[in-house]
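Novice: Show me how the following folds:
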Amino acid sequence: MNFDIILVGESGVGKSTLVERLRTGEYQKKHIPTPLKNKESLIFYTNKGVITFKIMETNINDSFDSFDGVLYFADFTRKDTLDNIRVLTKKPNVLCVNKVDVKEKKISVKDTSAFKGVDAKYHISAKSNYNYEKPFLYLTRIFLGEDTCFVEAPAILAPIAKSEYQKMTVMQLKAELRKQGKPVSGKKADLIKRL
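Specialist: Numbers count the residues shown, from 1 in each chain. From the prediction side, this is the model:
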């Protein structure tokens, strides 16, 4: 079962970081702008079979009628990211407000509660994994039924800590780098730096 989902939000709100976290378990500390309409696939295993979300990202508000669902993104540290969202679709849609774990918030819970036009709202953190799979579980239940649950999901566990890489052999480190599509040459210290 395949569903096309678009992630909408301004640059830096965490769209790509969330997808990467779900896909690989890795957290991207540094913001790397994603090309508009970047395409990724996320595979989830449910009690009703495999579901694949074909993900596209954009910072442009539109009606998105060609998609099966929409995830709107805002950032707790930037109020304008919530103010600039325009819900223009009747498709299943979710508001994801990222960076819930930061101390100095510019968006309040009251602000997100008052936000109209979306089917569901989640406060998430791609950094700490807080609620980060919930928007996709919500859409999965819309598409497959309320009794659907994830039996396995990509990267639900936190990624390997840097200290754990020290315990790995060079062969294990190279295998981990290959999975991530990174160069595998060099000494153990160089390999660890790439991870």
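Novice: how about the lengthiest strand in the chain: buried residues?
Specialist: Selection of the longest strand in the chain by residue count, based on DSSP state E, yields strand 49-58. With burial defined by 16 or more other C-beta atoms under 10 Å, the residues of strand 49-58 counted as buried are 51, 53, 55-58. Glycine gets a C-beta too; all of them are placed from N, C-alpha and C.
Novice: Parallel or antiparallel, list what pairs with that strand.
Specialist: strand 2-8 (parallel), strand 39-46 (antiparallel) (DSSP bridges).
Novice: With just CA atoms, put the longest one into CSV.
Specialist: Extracted C-alpha coordinates of strand 39-46, given in CSV (Å, rounded to 0.1, in the frame of the first residue of the first chain):
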residue,chain,number,x,y,z
LYS,A,39,11.4,12.7,-2.6
GLU,A,40,11.9,10.0,0.0
SER,A,41,10.1,6.8,1.0
LEU,A,42,9.3,5.7,4.5
ILE,A,43,8.2,2.1,5.1
PHE,A,44,6.2,1.2,8.2
TYR,A,45,5.2,-2.3,9.2
THR,A,46,1.6,-2.5,10.5
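Novice: What are the contacting residues of it?
Specialist: 19, 22-23, 50-56, 136, 140, 144, 148-154 (C-beta atoms under 8 Å, 6 or more residues apart in numbering).
Novice: Now with 10 Å, please.
Specialist: Residues from elsewhere that reach strand 39-46, judged by C-beta atoms under 10 Å, 6 or more residues apart in numbering: 1-2, 4-5, 7, 16, 18-20, 22-23, 34, 50-57, 133, 136-137, 139-141, 143-145, 148-156.
Novice: In ChimeraX, how would I select just the buried ones from these?
Specialist: A single ChimeraX command selects the buried members of the contacts of strand 39-46 (16+ other C-beta under 10 Å):
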select :4,5,7,16,18,19,20,22,34,51,53,55,56,57,133,136,137,139,140,141,143,144,148,150,153,154,155
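Novice: quick revisit: run the chain-centre distance for the longest strand of the chain.
Specialist: Put simply, strand 49-58 sits 11 Å off its chain's centre (C-alpha atoms, centre = their mean, to the nearest Å).
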